[in-house]
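Asker: Quick check, what structure comes out for this input:
(one chain, ligands or ions: 1)
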Amino acid sequence: MNNPENKEQIITRFAPSPTGYLHAGNYRTALYAYFVARKNGGKFLLRIEDTDRERSEKQYEANIFETLEWLGLEFDGMERQSDRVANHKAYLEKLIKEDKAYISKETPVKEGDRAEVIRFRNPNKVVTFTDLVRGEISVDTTDLGDFVIAKSIDDPVFHLAVVVDDYEMGVNHVIRGEDHIPNTPRHILIMEAVGAPIPKFAHLPIVLAQDRTKLSKRKGALPLTDYRDRGYLPEAMINYMAMIGWNPGGEQDIFTKDEIIDLFDITKVQKGGGIFDDVKLKWVNREHMLKLSPEEYKKNLETFMPEHLSTLDTYKPRIDSVCTIVRDRLEYFKQIQEMYDEGDIEYFFVAPLYDADILLCSEKMRKGKDLTHAGLAKILATCKLELEKLPEEKGEFVEGGEVKWNKESVKNVLWPIAESEGRGIVLWAVRVALSGKEKSPDPFILAETIGRDETLARIQRAETFLKEKTIVS
Ligand code: GLU
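Answerer: Next up is the predicted model:
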């Protein structure tokens, strides 16, 4: 979007402290700051607030960069607060010189307390600001007293640093969590003292965990990159997080990042806290997965496929069909591994082992018919005999079109046998012959996926297995 000449360019920032893994609430803040900047042709800046030397850790900082990159929240500038200490010091000196702050002698009460700090000379007045989310907020700052703005001239506290940094970085929209509302009156007083223009503020409602407790870095919230590692799509994550506490109205739930940028309106953010709901997130993710092209879907899925399967000769010819089959079921890509662990993937690539009792369907499905292992072997032999007549590729022309190996033609061949021997018995047995499992996709889809040769071979194996079983028992 163009920035009209006469309008100030909007500059927002995300100012995380790398003192733990940031959670979805933190990144939702980043997202809204990003949307406001992008929607208005402005700038989105990143400031790593790493002045708490004891609690800040490089691994957390690295994770912030990784997460922003994964989400595709590109920033237009980046600063580390620890690199800015000289600037903070200059402002502190100026404030002291102008008697807007002073060095205060303290009486240490406990170990570690300082004998000296720098306090702000509070003008003790009512501060009023208009929050873009919550409307007008007025606070009498008298209660705050002469609050501390630095532990020493080289060691500013958050209030001073954040004001100086936002001012110098040109930030004119401060978008942050509502836990900062009590700090804002202090910040406005400091801004007035240093002659900084007052930015617009938007304090965002908190994001709660499913159990309605506050998501918290200190409580060890999971890093958002865990979702990446489970095969969630960044677009889905953005879509879902954007909707915690905001929606554009209407029925639509699924949006791309660009659509959200277009629709986003910070003044429509709800005041109440929102809940991070894993079930809803999965649903949104699945919707985004379904929007992927078959190629993109496969690429994503393949990163989670058990490695030994992907090296098999059967892998390449079958993986596309497997993608089509699982597409309906998966809510995130790593679920393919859970399916594999449950034995629901391997049979697409490797012939299964059998259990005679599973091959023989339940009495209920047999509808009272007597059926021995030998009897079932005979039925499977018939199925194989008929299926052998179907060519793999080049079909013969029969009434109704060309016949070649696919799920429809396999069904047409098996159906009459099923009709005469019992549908439950035949379709069940062929399916289990192909998958080895009580539950699996239907035999026609399986036959198409693994192809003619493998289908015939597996039916033969099941038949032989049943015969041997008969001889032994
Ligand atoms: N570093 C602060 C935090 O992580 C954010 C400060 C701000 O956004 O003004 O809570």
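Asker: Is Ile254 in contact with Asn285, as I believe?
Answerer: No. At 10.3 Å, Ile254 does not count as touching Asn285 under the criterion of CB atoms under 8 Å. In this view, the C-beta of every residue, glycine as well, is placed from N, C-alpha and C.
Asker: Surely Val174 forms part of a helix?
Answerer: No. Applying DSSP: H, G, I helix; E, B strand; the rest coil, one finds Val174 to be strand, outside a helix.
Asker: Between Ile254 and Asn285, which is the more surrounded one?
Answerer: Each of Ile254 and Asn285 has its neighbours counted (other CB atoms under 10 Å); Asn285 has more, 24 against 16.
Asker: isn't that one right up against Leu233?
Answerer: Yes. Taking CB under 8 Å as the definition, Asn285 is a contact partner of Leu233 at 6.1 Å.
Asker: Residue in the chain with the shortest distance to the ligand?
Answerer: Relative to the ligand, the nearest point of the chain is Arg176 (3.4 Å; CB to the nearest ligand atom).
Asker: how many neighbours does that residue have?
Answerer: 22.
Asker: That one and Leu204 touch, don't they?
Answerer: Yes. Using CB under 8 Å, Arg176 is in contact with Leu204, at 7.0 Å.
Asker: hmm, back to that, so what's the residue of the chain closest to the ligand closest to, chain neighbours aside?
Answerer: Nearest residue to Arg176, sequence neighbours excluded (CB to CB, 6 or more residues apart in numbering): Thr29, at 6.0 Å.
Asker: can you check Pro234 too?
Answerer: The spatially closest residue to Pro234, leaving aside those adjacent along the chain, is Leu71, at 5.0 Å (CB to CB, 6+ apart).
Asker: wait, doesn't the one you found sit right on Ala236?
Answerer: No. Between Leu71 and Ala236 there is no contact under CB under 8 Å: 10.6 Å.
Asker: By average pLDDT, which secondary structure element in this protein comes out worst?
Answerer: strand 396-398 (a mean of 55; mean pLDDT, DSSP states H and E).
Asker: Tell me which residues are up against stretch 253-269.
Answerer: Where contact means CB atoms under 8 Å, 6 or more residues apart in numbering, the residues beyond stretch 253-269 that reach it are 32, 35-36, 38-39, 72, 132-133, 175, 202, 204-205, 235, 238-239, 242-243, 245-246, 248, 284, 287-288, 291.
Asker: what's the pLDDT at the closest residue to Leu222 other than its chain neighbours?
Answerer: Among residues not flanking Leu222 along the chain, Tyr21 sits closest, at 6.8 Å (CB to CB, 6+ apart). For Tyr21, the pLDDT comes out at 92.
Asker: Determine the number of other residues adjacent to Tyr21.
Answerer: 20.
Asker: Kindly report the same for Ile260.
Answerer: 21.
Asker: Got phi/psi on Ser152?
Answerer: Torsion angles at Ser152 (phi, psi; degrees, to the nearest 10) stand at phi -160, psi 180.
Asker: isn't it right up against Glu116?
Answerer: Yes. Between Ser152 and Glu116 there is a contact under CB under 8 Å: 7.2 Å.
Asker: Report all helices and strands that the helix or strand containing Val284 contacts.
Answerer: In the assignment (DSSP states H and E), Val284 maps to helix 278-290. The helices and strands touching helix 278-290, judged by 3 or more CB pairs under 8 Å, 6 or more residues apart in numbering; DSSP states H and E, are helix 234-242.
Asker: ok, now which ones touch Val430?
Answerer: Leu380, Cys383, Leu414, Pro443, Ala447, Ile459.
Asker: Pretty sure Ile459 is one of the things the second one touches, is it not?
Answerer: Yes. Using CB under 8 Å, Cys383 makes contact with Ile459 at a distance of 6.1 Å.
Asker: Show me which of these two is the more surrounded one.
Answerer: Under the criterion of other CB under 10 Å, the comparison of Cys383 against Ile459 puts Cys383 first, with 27 against 23.
Asker: Would you double-check that the more buried one falls in a helix?
Answerer: Yes. Residue state for Cys383 (three-state DSSP) corresponds to a helix.
Asker: measure it to Lys334 for me?
Answerer: 37 Å (CB to CB, to the nearest Å).
Asker: swap in Ile190?
Answerer: In this structure, Ile190 and Lys334 are 47 Å apart, going by CB to CB.
Asker: between those two, which one's more packed in?
Answerer: Ranked by neighbour count (other CB under 10 Å), Ile190 and Lys334 place Ile190 first, with 23 against 17.
Asker: between Arg176 and Leu204, what contacts are shared?
Answerer: Going by CB under 8 Å, 6+ apart, residues that sit against Arg176 and also against Leu204 are Thr29.
Asker: what residues does the helix holding Val284 touch?
Answerer: Contact with helix 278-290 is made by 210, 227, 232-233, 235-237, 239-240, 243, 253-254, 297, 300, 327, 330-333, as judged by CB under 8 Å, 6+ apart.
Asker: ok, now stretch 321-338?
Answerer: The contact list for stretch 321-338 (CB under 8 Å, 6+ apart) reads 227, 229-232, 282-283, 285-286, 289-290, 294, 297-298, 300-301, 303-306, 339, 345, 348, 441, 445, 448-449.
Asker: for stretch 343-355, same thing?
Answerer: Identification of contacts with stretch 343-355 by CB under 8 Å, 6+ apart yields 306, 309, 312, 314-315, 318, 321-322, 325, 336, 339-340, 432-437, 439-440, 446, 449-450, 454, 457-458, 461-462, 465.
Asker: Out of those residues, list just those in helices.
Answerer: Members of those lying in helices (criterion: DSSP state H): 309, 315, 318, 321-322, 325, 336, 339-340, 432-435, 446, 449-450, 454, 457-458, 461-462, 465.
Asker: Just the buried subset of these, please.
Answerer: Listed as buried from these are 309, 315, 318, 321-322, 325, 336, 339, 432-435, 446, 449-450, 454, 458, 461-462, 465; burial here means 16 or more other CB atoms under 10 Å.
Asker: Show me the shaky parts of the stretch 1-150 of the chain.
Answerer: Along the stretch 1-150 of the chain, the parts satisfying pLDDT under 70 run over 1-6.
Asker: Determine the three-state secondary structure at Leu68.
Answerer: helix.
Asker: my read: it touches Leu31, true?
Answerer: No. Using CB under 8 Å, Leu68 makes no contact with Leu31, being 10.0 Å away.
Asker: So which of the two has more stuff around it?
Answerer: The neighbour comparison of Leu68 against Leu31 (other CB under 10 Å) goes to Leu31, with 25 against 22.
Asker: Let's verify that one: helix, strand, or coil?
Answerer: helix.
Asker: Provide a list of residues in contact with it.
Answerer: So Leu31 contacts Leu71, Leu73, Ile238, Met241, Ala242 (CB under 8 Å, 6+ apart).
Asker: number of nearby residues for the first one?
Answerer: For Leu71, the count of nearby residues is 21 (other CB under 10 Å).
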